[in-house]
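S.K.: I would like to see how this sequence folds:
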Amino acid sequence: DGGQVTARRVPSLRRALLLNLLVPTSALAVAFGLAGLLLINTTIESAYDRVLDGSVKAIAERVAVEDGDIAVDLPQVALGMLETRVNDSIYYSVSYDRVLVTGYQDLPRADAAAIPAGTLRHFDSLYKGIPVRVTAMAQAVYGKPLPVLIEVAETTNGRAAIQRQLLLALVALEAGIIATAAVLVWFAVR
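M.R.: Down below sits the predicted model:
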C-alpha cells in the first residue's frame, strides 16, 4: 500500500457561503413573485368585474313591466362603459323565466333562482368557443313573481394582456433582485 494518501477536495468556503446566501435569497424572491402573481390576478379580476357590475346595474335600473310584459330600455351607458376596452367584445342578455327578452340568445345563462335578488354573481364561461367573464344579477320586478336575469359578458383578451404585461414586469423585477443579490453577496464573501 506504500502509505498512499488520497487527496480530498475541500469545499471552498467562498462557494459554500455563496450557496448558503443565494439559495434562501432566491427562494424568498420566488415566494414574493408568487405572492405578486396572486395580487396581480386578484386586482385585475376585481377591477374588470367592477365595470361589468356597473353595466349590469345600469341595465337592471331600466327593467320594467309594461302591459304585463318585461320591457328593457337599454341605456347606452350600460354597454358604452365597456366599449373603450381594446380587443374585447361585449355581450348581454335579459331574460325572464329562461325566455330571452333582449340580447344574445345563446349567451351562457346563470340559474336565476340560485342568485339572491339584487346580488351579483361572476363566473367564467365560453361563448362561441371564446373565454368570457360573465356578471349575472337576478332582479325582482314589480308585478312579476320571478326575477329577471340580467347578464353582461366580456371576452377576456384585455384582462389577459394586462396580466401578461404585469407578469413580465414582475419577472424582470425578480430577476433584477436575484442578480443584484448575487453581485452583493459575491463582493461581501470576498
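
S.K.: Could you list the buried residues of stretch 144-155?
M.R.: For stretch 144-155, the neighbour count (16 or more other CB atoms under 10 Å) marks 147-155 as buried. (C-beta placed from N, C-alpha, C; glycine too.)

S.K.: remind me, longest helix of the chain?
M.R.: Secondary structure assigned by DSSP state H gives helix 13-60 as the longest helix of the chain.

S.K.: same for that helix, what does it pack against?
M.R.: Contacts of helix 13-60 with other secondary structure elements, assessed using 3 or more CB pairs under 8 Å, 6 or more residues apart in numbering; DSSP states H and E, are made with helix 76-80, strand 90-96, strand 120-127, strand 130-139, strand 148-155, helix 157-189.

S.K.: mind running it again at 6 Å?
M.R.: helix 76-80, strand 130-139, strand 148-155, helix 157-189 (3 or more CB pairs under 6 Å, 6 or more residues apart in numbering; DSSP states H and E).

S.K.: Check the ones you listed for me and report the most buried one.
M.R.: Burial among those, expressed as mean neighbours by mean count of other CB atoms under 10 Å, is greatest for strand 148-155, which shows a mean of 25.

S.K.: how far off strand 120-127 does it point, in degrees?
M.R.: In this structure, strand 148-155 runs at an angle of 50 degrees to strand 120-127, with axes from the mean of the first three to the mean of the last three CA atoms, to 10 degrees as the basis.

S.K.: How about residues contacting strand 148-155?
M.R.: Judged by CB atoms under 6 Å, 6 or more residues apart in numbering, the contacts made with strand 148-155 from elsewhere in the structure are 52, 55-56, 59-60, 63, 70, 88-96, 107, 112, 130, 132-139, 141.

S.K.: what's the answer for stretch 160-169, then?
M.R.: 40, 44.

S.K.: From the centroid of the protein, which residue is nearest?
M.R.: Closest residue to the average C-alpha location of the chain: Glu45 at 3.3 Å, with CA atoms, centre = their mean.

S.K.: quick one: least confident helix or strand in the chain?
M.R.: When the helices and strands of the chain are compared on mean pLDDT, DSSP states H and E, helix 76-80 comes out lowest with a mean of 67.
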